Every structure is written in C-alpha cells, then in structure tokens.
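J.: Need a 3D model of the following:
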Amino acid sequence: MKKANQDDDEMRAEYDFSGGIRGKYIARLNGKRVVLLDLDVAERFSDSDSVNQALRLLMKAGAEATKSSPASREKAS
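T.: You can find the predicted model right below:
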C-alpha cells in the first residue's frame, strides 16, 4: 500500500477554482438522491427515468403481493 506524503495533500497549481461558484448545480438535485448502480445493472437502463419506472413497477408488484398474501389477510381479520 502506498504511503501518502505531504505532496498528496496539496492542491496542484494547474487546478484553479477561483472562478468557481459553490453549490451551482445543487438545485438540480432538490428532492432527489444519488445512488450508484453496479455496471451490470447500469448497462440495462438508458437513463434515470427507466430506472425509476422499473423500481416503481417492482414496488407496485410487491405491494400487490403483500395485499394478496395469506399472512396479510390474517392481519386484516
């Protein structure tokens, strides 16, 4: 394992963030969460809308399965 030296902790001269604006893109993430998909999963989806659609379908199927399961019917009685 490589040991970190003092040079690793310093910003390189070619990185100039003096014109940067803090939080410029944060509004785009309002009400959203960022998750990382494994590569094999990400290859199946073209964009975030398709991931959300698949997850909503899975959530709906899970809710319907729970409603029709014998255990849930016993709780309702």
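J.: for this structure, which spans come out with low pLDDT?
T.: 1-9, 71-77 (pLDDT under 70).
J.: quick check: longest helix of it.
T.: helix 48-68 (DSSP state H).
J.: which strands and helices sit next to that one?
T.: Packed against helix 48-68 by the contact rule (3 or more CB pairs under 8 Å, 6 or more residues apart in numbering; DSSP states H and E) you find no helix or strand. Placement of C-beta: from N, CA and C, glycine included.
J.: Show me what counts as buried in it.
T.: Of all the residues in helix 48-68, those buried under the rule 16 or more other CB atoms under 10 Å are residue 51.
J.: tell me the helices in the protein, going along the chain?
T.: Under DSSP H, the chain gives helices at 39-42, 48-68, 70-76.
J.: Distance check, residue 61 against residue 24.
T.: 39 Å (CB to CB, to the nearest Å).
J.: that older thread, Throw the helices of the chain into TSV and include distance to residue 16, thanks.
T.: Below are the helices of the chain laid out as TSV (distance: least, CB to CB, whole Å):
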stretch	distance to residue 16
helix 39-42	32
helix 48-68	32
helix 70-76	60
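J.: Of those, which is nearest residue 30?
T.: helix 48-68 (14.6 Å; CB to CB).
J.: number of nearby residues for residue 45?
T.: Other residues near residue 45 come to 14 when the count uses other CB atoms under 10 Å.
J.: now it: how far from residue 61?
T.: Taking CB to CB, one finds residue 45 at 18 Å from residue 61.
J.: and what of residue 26?
T.: Taking CB to CB, one finds residue 26 at 34 Å from residue 61.
J.: ditto for residue 12
T.: When CB to CB is the yardstick, residue 12 and residue 61 sit 50 Å from each other.
J.: what do you get for residue 13?
T.: 55 Å.
J.: Can you tell me which of the helices of the chain is nearest to residue 19?
T.: Of all those, helix 48-68 comes closest under CB to CB, at 29.5 Å.
J.: just how off-centre is the closest one within its chain?
T.: 17 Å (CA atoms, centre = their mean, to the nearest Å).
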